[in-house]
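Engineer: how would this look folded up:
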Amino acid sequence: MAEFALGIGSNLENRLKNIIEGIRYLLSRSDMGLFRLSGVYETPPIGGVAGGSFLNCVFTGNFYGPATELQRNCREAEILMGSRVMKKNSARTLDIDLLFFGDLTRNDKDLTLPHPGIKSRRFVLKPLSDIWDAKIPGLDNTPEELLNRCTDKSSIQRICEIPERGCFWEVPN
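Structural biologist: Numbers count the residues shown, from 1 in each chain. All right, here's what the predicted structure looks like:
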């Protein structure tokens with residue numbers, strides 16, 4: 001079993017529904033264990049990504065398999081929700097990034113862990129700091145420490161509060 005964190009976002013259609021359906025798909029996999037969700041945050045697209053504002057959150061939990069299997073499950077969820085495999089700068093129905101997986105460090109063409117964008121993305125660090133106060137495996141810093149040094153100053157607004165462990169958000173009207 002390994003503890004993992006996923007960064008999840010959507011900037012197309014019913015963004016919150018897309019995120020919830022993607023998480024439900026991941027939870028339906030028999031190798032998922034106890035989970036926790038951050039708050040949901042609205043952020044602007046960065047880096048030339050098309051489309052409107054994103055909703056972003058972080059999903060942590062336990063996985064009873066290898067990192068490559070979890071990554072494959074994430075790609076399946078994205079495809080089932082209508083996202084393209086090669087996103088480049090396109091808008092996203094669902095985007096799921098494996099941020100870290102246990103103490104595993106890896107850097108090859110298929111998977112890099114910890115995710116190389118963690119330190120520079122406020123839309124990842126803020127929700128991660130909601131539910132993860134330990135050092136990020138492979139980075140030797142907590143999300144809060146990285147957030148305090150992050151050069152990304154883009155706007156971020158919480159639209160859903162942090163739910164209890166094992167629960168989903170109360171959806172605002």
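Engineer: Counting neighbours, what do you get for the residue nearest to residue 111 when sequence neighbours are not counted?
Structural biologist: The shortest distance from residue 111 to any non-neighbouring residue, by C-beta to C-beta, 6 or more residues apart in numbering, is to residue 71 (5.8 Å). To be clear about C-beta, it is placed using only N, CA and C from the backbone, and glycine gets the same treatment. Look at residue 71: counted by other C-beta atoms under 10 Å, it has 19 neighbours.
Engineer: Looks to me like residue 71 is in a strand.
Structural biologist: No. Read with DSSP: H, G, I helix; E, B strand; the rest coil, residue 71 is helix and lies in no strand.
Engineer: That one against residue 113, yeah?
Structural biologist: No. Checked against C-beta atoms under 8 Å, the pair residue 71 and residue 113 is beyond contact range at 9.4 Å.
Engineer: Give me the residues contacting stretch 57-69.
Structural biologist: 1-9, 19, 23, 26, 31-41, 70, 98-99, 101-102, 104, 106, 110-111, 113, 124, 127-128, 130-132, 160 (C-beta atoms under 8 Å, 6 or more residues apart in numbering).
Engineer: show me where the protein has strands.
Structural biologist: 2-10, 32-37, 40-43, 54-63, 95-101, 106-107, 112-113, 157-160 (DSSP state E).
Engineer: got those strands as CSV, with mean neighbour count and distance to residue 87 columns?
Structural biologist: CSV is the format used below for the strands of the chain (neighbours: other C-beta atoms under 10 Å; distance: least, C-beta to C-beta, whole Å):
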stretch, mean neighbour count, distance to residue 87
strand 2-10, 24, 11
strand 32-37, 18, 23
strand 40-43, 23, 16
strand 54-63, 23, 13
strand 95-101, 24, 7
strand 106-107, 11, 20
strand 112-113, 17, 16
strand 157-160, 15, 23
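Engineer: out of those, nearest to residue 149?
Structural biologist: Closest of the strands of the chain to residue 149 is strand 95-101, at 17.3 Å (criterion: C-beta to C-beta).
Engineer: which neighbours does that closest one have in its sheet, and in what orientation?
Structural biologist: strand 2-10 (antiparallel) (DSSP bridges).
Engineer: does residue 120 really touch residue 153, like I thought?
Structural biologist: No. Using C-beta under 8 Å, residue 120 is not in contact with residue 153; the gap is 11.3 Å.
Engineer: Among those two, which residue is more densely surrounded?
Structural biologist: For residue 120 and residue 153, the more surrounded residue by other C-beta under 10 Å is residue 120, and the numbers stand at 15 against 7.
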